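[1] Structure of the sequence below:
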Amino acid sequence: MSDILRLENINYSYIDGGYERHILKDLSYSFEAGKFYTVLGPSGSGKTTLLSIIAGLDTPKSGEIYFNGRNIKEIGLHKYRRNEISIVFQQYNLISYLTAVENVLLAMSETDNKLPKDRKTVAYNLLERFGIVRTKADRMIGQLSGGEQQRVAIARSLASNVNLIFADEPTGNLDTATEKEIIGIFKELSHDFGKTIIVVTHSDTVSQMSDQRVLLKDGKMQKL
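    Okay, the predicted model is just below:
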């Protein structure tokens, strides 16, 4: 498989109480296309910071990030975020005054990627594939359970037709059974749809179901 995302000599630090705290230190790592990764590490090791950097939400002090061989600065961070990646959050980050299908349609309106003309049908089909039938798709977000809301968030992440999906503790608010179902969806996206999934997690259950476990510790990443 080819690399879809490559990190080269990433450094990141911040000032804490008058001292400079180094979180990422000359970190280099490559992620292959169509693979499901989990990133583990001690609390405070910089997992969420790393996710923010590779998602183009924050910038490293030094180092380069390449998406499909192109520097994301050359692509443009706004275009990279808009057209190449999606993020699934622990708190779902759905629009509460919209229905489930409207949340998915909103994601479709915020990309330059080519999408089918009948977007609403596609949105309903996406939601149904992940267990949100049409009657639930037409409900306001607050009327859905936590597991259902996370399914909507995953459908939304796919709606913009991207190949790289990041997730920050996506099962942190879910029970064990629902957690396994959500991770099963990520595996399906990776293996059946060729998406690259990178999940930051503390959960051993989640990590054991991934294709590749990666440890972030002392500013470096290594395969487990």
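[2] Could you pick out the longest helix of this protein?
    Determined from DSSP state H, the single longest helix within the chain is helix 176-193.
[3] Can you give the distance of whichever helix or strand comes after that one from its chain's centre?
    As assigned by DSSP states H and E, the chain's next helix or strand after helix 176-193 is strand 196-200. The chain centre lies 6 Å from the centre of strand 196-200; the measure is Cα atoms, centre = their mean, to the nearest Å.
[4] Strand 196-200 pairs with which strands, parallel or anti?
    Paired neighbours of strand 196-200 in the sheet (DSSP bridges): strand 36-40 (parallel), strand 164-168 (parallel).
[5] Same list, those strands, but as JSON lines with mean pLDDT and mean neighbour count please.
    Backbone N, C-alpha and C define where each C-beta goes, glycine included. Below are the strands paired with strand 196-200 laid out as JSON lines (pLDDT from 0 to 100; neighbours: other Cβ atoms under 10 Å):
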{"stretch": "strand 36-40", "mean pLDDT": "97", "mean neighbour count": "23"}
{"stretch": "strand 164-168", "mean pLDDT": "95", "mean neighbour count": "24"}
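[6] Can you convert these into JSON lines and add a column each for distance to I15?
    Formatted as JSON lines, the strands paired with strand 196-200 follow (distance: least, Cβ to Cβ, whole Å):
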{"stretch": "strand 36-40", "distance to I15": "25"}
{"stretch": "strand 164-168", "distance to I15": "24"}
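[7] which ones are touching L216?
    Contact partners of L216, counting by Cβ atoms under 8 Å, 6 or more residues apart in numbering, are 39-41, 45-47, 50.
[8] Excluding chain neighbours, what is closest to it?
    The spatially closest residue to L216, leaving aside those adjacent along the chain, is G41, at 3.8 Å (Cβ to Cβ, 6 or more residues apart in numbering).
[9] Verify the stated contact: that neighbour with T48.
    No. Counting by Cβ atoms under 8 Å, G41 sits too far from T48 to count as a contact (10.1 Å).
[10] These two: who's more crowded?
    G41 (18 against 15; other Cβ atoms under 10 Å).
[11] Now do the same contact list for that one.
    Neighbours of G41 in contact, by Cβ under 8 Å, 6+ apart: 47, 215-217.
[12] Which entries within these meet the buried criterion?
    Neighbour counting by 16 or more other Cβ atoms under 10 Å classes 47, 215-216 among the contacts of G41 as buried.
[13] out of those, which are inside strands?
    Counting by DSSP state E, the buried ones among the contacts of G41 place 215-216 in strands.
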